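fold the following and give me the result.
(2 chains)
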Amino acid sequence: MTIRTARPNRGQAFRSRMHCLRKLEAIVVEMHDPKNGVKGSVQKLNVTTIPHAVAGSDIIAWIRNKMQSTPEDAQVFGTMLVAYGFIYPLQNHRKLVMCNDSSLYRFQTPYFWPVQKWVPEDSDYAIYLAKRNIRKKGILEPYEQAHYSHLHDWLNHKWDFIVMQATEQYKASRDRNKSDRVVLDCQERAYWIVNRPPRYTQSALDCGPDRLVDPNVEEKITFDQYRRVNVFYQQAIMRPRVKSSVSLGALVKYITTYKNHDPFLASCQPSNPWQTDHDAYWTLNVRRVEVPTKMRVERWSFSLFELLTDLRGRDDFKIFLKKEFSGENLAFWEAAEELKWGTASSMSAKAETIFKTFLAPGAPRWINIDGRTMGLTVKGLDHPHRYVLEAAQTHVFMLMKKDTFFRYLKSPTYKDIQKKALNPEPHNFSPAQLEQNARNRSPGIHPIILWQQEEEEKTKAAAAAVPVDVKAVMSKIDRKK
Amino acid sequence: MNRWRRSVDELAAGRRQLVECERAQDALSRVTSCFQQLVASLGSSADGSFLREEMDETRALAHRICAGMSSRLLSLLSDSNTTHSGVEGRQVSERLWVFFLSALENFLSDLRKAKDLIGQFPLTQRSNRRSLVNTGCTDGLVGVAARVALVQVPWLILEAVPSPDLTNHIAGLEEMLHEMQLKVPVAFWSVEATQPAWPEAHSELHDPDDSLEDLMAVEVISNNMSACCGLSCVG
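Purely as a prediction, here's the structure:
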């Protein structure tokens, strides 16, 4: 039972991409034209003969003639008619294809045709399954049994209605003659195979998420919409443009650098976990792994942005900078990132600490930015907001990129890690091993554990980054004396 | 003394209404299942004016049952009646309520489909007969018509309600559904099913019915084209 409220209905209720159904209906009706339609034959069974069966080759020949297409196209079109449920096969009822031979098909009654606005209801499916079970116990297939138990749990309040309706429909169908009963059962079975397909089969009625607007309704474009479209295009013409040779050159350069790292163009080493269920790729590329993979290390050399966004790369860069005693640029950049992405309540406190640590004259980790930027930033820190350090951060980023980054790439730190990096062998699983992998899937690291590790690292880093107070060191030395 | 007699009368009236509603429940299932059979033949080779008339009669019968049942259920479950019926009586009426609303929704969806199909396959002219789909069904609908005719409306007092045409019927039922849901707050998820999870055919239906697979069996021909629909067929 549905609950209806008085609010305006903003639900997305229109199934999209199915307006071909009207056209298919017209074609199916045309197939019945006594003069030019498809010629029929009879289906012979043990108990009776049923008229109006059609051979697949006849249908395909008719489609070829009508649409003037090649036999392959006609066969595909015929398969589409079967997959949507307008025609159903009599012999292999589970396989919804149109075969170009003498296998028999029959037309589905219009009650069971697929319609764009109606979805086949679960309660109808429950009635159908109950009816089949009443007729002969134990005839439901495993996937149908699974559906049935699920529906019994979920539609339990309607269950009396479902069972009574199933019994009544069963009794009503027994009043028809034998051949009609066979036809009705075939029709219903074909309908539910199309609309509740068994596991691991494609369904032609997959139409994606529902839409808010009815795709069949022709929209009248108003004068105001035309006016706005014109304004938009006029503004687009007046914008400055980049020459296509330049932009294409940039695109080509990007492609050549990233070609081997693209997940679609190059295969994933050692193996794609989604395909083979083996998570070596993920464990090898964890954020805090000791030894990264060669692909990862190669990626760091593409640009400073790649190096900094990969947190393992950032750690490596930090180690290099500590050796060079010039870690304040990276520390400032990280602090500015934290300000940008942090909570609103902590912003003023963070701004204060950043000012005291990096920007104040005589600060322990003073960064070397030009006077104009420094002046702007300090003035902005009176009223701190999220992006107050943006100019300084960009300046520092440019400094690192133009100078420190290239020194890093030539440094022994980077060369060392390049040598140490792992290059895993690609897996080659047999189907039996794939089954095994699928069975032994582990749930992976719990996110709480990962979060705890990160918190530990942060406290350690904070303790290590406390600026050395010269006076305290001196007093300790004094006390030793 | 008078108050006692009045409450006994009310109890008896309530129980009589419950019994009537239960009989109406059976009748409604029968009528809606026959209606579904008729609608399933719309637009097919078994379609014709006989089918359309049968549909109208079935629809009128369903309309009478629905109208009577809705008024009785509303009176049973309205607030003034709660003290009289007791807990089990209340549970039974709630079960009937949920049954009636589900049956009404099911019937409504069949009616809407019927309206669409009648619009798509009008039988007003002779040429329209050509557009009917050859589904293999011949005119076997006499049995269904006989079944519908056997259904009796279980109201002792037959209210003379004029049977509406299809569009008005749909609109009327939608309104009835809306009203009923607004007037009585019944928590439909608290209703428990009384029927078994895996129902079997009762013993009265004697001859063991063949399954579809048996009916579709053909003498096995030597080549692979045999129409075997056994469960070993892999799709």
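
where does the prediction get shaky in chain B?
B:1, B:79-86, B:126-130, B:138-141, B:153-162, B:201-235 (pLDDT under 70).

OK, contacts around the residue most central in space within it?
With distances taken as CA atoms, centre = their mean, the residue of chain B nearest its centroid is residue B:32 (2.3 Å). Residues near residue B:32 by CB atoms under 8 Å, 6 or more residues apart in numbering or on different chains: A:165, A:168, B:62, B:103, B:106, B:107, B:110. The way it works is simple: take the backbone N, C-alpha and C, and place the C-beta from them, glycine included.

also residue A:42?
By CB under 8 Å, 6+ apart, the neighbours of residue A:42 are A:49, A:50, A:51, A:53.

for the second one, give me its contacts.
In this case it means residue A:50. Residue A:50 neighbours (CB under 8 Å, 6+ apart): A:42, A:43, A:179, A:182, A:183, B:136.

need phi/psi at it.
phi -120, psi 130 (degrees, to the nearest 10).

next one: the last one
Residue A:53 has phi and psi values of phi -100, psi 150 when expressed as degrees, to the nearest 10.

and for it, the neighbour number?
As a burial measure, residue A:53 scores 19 neighbours (other CB atoms under 10 Å in any protein chain shown).

contacting residues around the residue lying closest to residue A:376 once chain neighbours are set aside?
Of all residues not flanking residue A:376 in the chain, residue A:391 sits nearest, at 5.9 Å (CB to CB, 6 or more residues apart in numbering or on different chains). Residues counted as contacts of residue A:391 (CB under 8 Å, 6+ apart) are A:373, A:376, A:377.

among these, which ones are in helices?
Secondary structure assignment by DSSP state H places A:373, A:376, A:377 of these in helices.

who wins on neighbours among these?
Busiest of the ones in helices among the contacts of residue A:391 [other CB under 10 Å] is residue A:377, holding 22 neighbours.

what distance do you get for the residue nearest to that one when sequence neighbours are not counted to residue A:339?
Excluding the flanking residues, the one nearest residue A:377 by CB to CB, 6+ apart is residue A:392, at 4.7 Å. Noted for residue A:392: a distance of 11 Å to residue A:339, by CB to CB, to the nearest Å.

how about residue A:115?
Taken as CB to CB, the span from residue A:115 to residue A:339 is 56 Å.

one more: residue B:165?
Residue B:165 is 71 Å from residue A:339, by CB to CB.

next one: residue B:89
From residue B:89 over to residue A:339 (counting by CB to CB), the distance is 68 Å.

picking that back up, adding pLDDT and distance to residue A:25, write the contacts of residue A:42 out as TSV.
Converted to TSV, the contacts of residue A:42 look like this (pLDDT from 0 to 100; distance: CB to CB, whole Å):
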residue	pLDDT	distance to residue A:25
A:49	75	28
A:50	77	23
A:51	78	22
A:53	83	21
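
of the residues you listed, which is the nearest to residue A:137?
residue A:50 (26.7 Å; CB to CB).

who does that closest one form a beta bridge with?
residue A:43 (DSSP bridges).

circling back to that earlier point, now render the contacts of residue A:50 as JSON lines, adding distance to residue A:147.
Formatted as JSON lines, the contacts of residue A:50 follow (distance: CB to CB, whole Å):
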{"residue": "A:42", "distance to residue A:147": "35"}
{"residue": "A:43", "distance to residue A:147": "29"}
{"residue": "A:179", "distance to residue A:147": "29"}
{"residue": "A:182", "distance to residue A:147": "24"}
{"residue": "A:183", "distance to residue A:147": "25"}
{"residue": "B:136", "distance to residue A:147": "28"}
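
which one of the residues you listed sits closest to residue A:10?
Scanning these for proximity to residue A:10, where the rule is CB to CB, the winner is residue A:183, at 42.9 Å.

what helix or strand does the closest one sit in?
helix A:178-195 (DSSP states H and E).

how about that helix: buried residues?
A:179-195 (16 or more other CB atoms under 10 Å in any protein chain shown).

the following helix or strand past it: how far from the chain's middle?
Next along the chain after helix A:178-195, taking DSSP H and E as the criterion, comes helix A:223-238. Remark: helix A:223-238 is offset 34 Å from the chain centroid, using CA atoms, centre = their mean, to the nearest Å.

any idea which helix or strand comes after helix A:223-238?
Immediately after helix A:223-238, counting by DSSP H and E, sits helix A:244-258.

and that next one, how far out from the chain's middle?
For helix A:244-258, the distance to the chain centre is 27 Å (CA atoms, centre = their mean).
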